[in-house]
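Asker: I would like to see how this sequence folds:
(one chain, ligands or ions: 3)
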Amino acid sequence: MLANKTRLLTMLGLLTLATGCMPEMAEYEPLPEPVPAGPAKADAPLGTDSADPVSLPLLPCEAGMGNVVARDPASTHCYMFFTEPKSYDDAYKACNAISTHTHLATLNSRAEDQMVTAMLGTTTETWFGFDDIMLEGTFIWNTLEANLFSNWAAGQPDDPDDGVNERDCAMKTGALGQWDDRDCATLAAYVCERDR
Ligand SMILES: [Ca+2]
Ligand SMILES: [Ca+2]
Ligand SMILES: [Ca+2]
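Answerer: Ligands and ions are numbered 1, 2, ... in the order given. Below is the predicted model:
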């Protein structure tokens with residue numbers, strides 16, 4: 001056995017001498033010169049520069065699961081609607097657990113609000129990320145985005161501020177998906193938004 005192995009190594013050595021190269025044992029290639037920064041980058045074919053965030057492919061919306069998934073073509077944000085009923089707090093945590101850039105949906109414009117309403121089907125109670133838990137009467141987005149739009153149903157919000165009937169979390173309600181402040185402990189469907 002050992003003799004066979006020695007013979008094999010000898011043959012390999014002769015082969016190497018004959019061909020002038022040894023497979024799998026080439027000298028280490030020197031590292032390529034660093035690519036100079038600046039205008040030279042423009043010569044690289046599109047989509048090959050992984051350091052450029054613009055060229056990164058968009059993650060598929062389906063990666064976050066959900067019962068209904070949609071992408072807003074304008075903002076590229078993904079919306080994931082979950083029908084499993086949760087409290088506002090648990091829904092908030094469930095959205096945050098999906099990824100760093102995912103949160104209870106923030107409905108910052110009429111178009112965004114309507115797009116999400118269209119995802120809900122026959123579900124008439126859905127949490128999104130708007131509450132006045134911190135300061136009664138002052139609703140803020142869970143992302144702290146600017147407060148530019150609201151779609152309260154007639155007579156809402158109607159928290160009596162009596163210290164008993166707390167209604168601190170906005171819920172999309174009814175076929176139109178208009179907003180109503182409700183008890184945050186109420187179990188309802190919820191919609192998450194992934195910014196990127
Ligand atoms: Ca949003
Ligand atoms: Ca309230
Ligand atoms: Ca209410």
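
Asker: All the helices of this structure, residue numbers only.
Answerer: 2-19, 88-98, 110-119 (DSSP state H).

Asker: Taking the chain, what residue is nearest to ligand 1?
Answerer: Residue nearest to ligand 1 within the chain: T106 (3.7 Å; C-beta to the ion). Backbone N, C-alpha and C define where each C-beta goes, glycine included.

Asker: Show me what from the protein comes close to ligand 3.
Answerer: Residues of the chain lying near ligand 3 by C-beta under 5 Å from the ion: Q156, D158, R167, D180, D181.

Asker: wait, what's in contact with Q178?
Answerer: For Q178, the contact set (C-beta atoms under 8 Å, 6 or more residues apart in numbering) comprises N151, W152, A153, Q156, K172.

Asker: Would you check that the last one makes contact with F128?
Answerer: Yes: counting by C-beta atoms under 8 Å, a contact exists between K172 and F128, whose distance comes to 6.2 Å.

Asker: Now do the shared contacts for the two.
Answerer: Residues touching both K172 and F128 by C-beta under 8 Å, 6+ apart: V116, V191.

Asker: Quick one: name the residues of this structure near ligand 1.
Answerer: Counting by C-beta under 5 Å from the ion, the chain sits next to ligand 1 at T106, N108.

Asker: Poorly predicted segments of the chain, please.
Answerer: Confidence mapping of the chain against pLDDT under 70 gives the ranges 1-58, 63-64.

Asker: hang on, the earlier thing: which residue sits closest to the residue of the chain closest to ligand 1 in space, ignoring its chain neighbours?
Answerer: Closest residue in space to T106, ignoring its immediate chain neighbours: W141 at 4.6 Å, by C-beta to C-beta, 6 or more residues apart in numbering.

Asker: So what's the residue count around that neighbour?
Answerer: By other C-beta atoms under 10 Å, 20 other residues sit near W141.

Asker: ok, what's across the strand from it?
Answerer: Per DSSP bridges, the residues bridged to W141 are F130.
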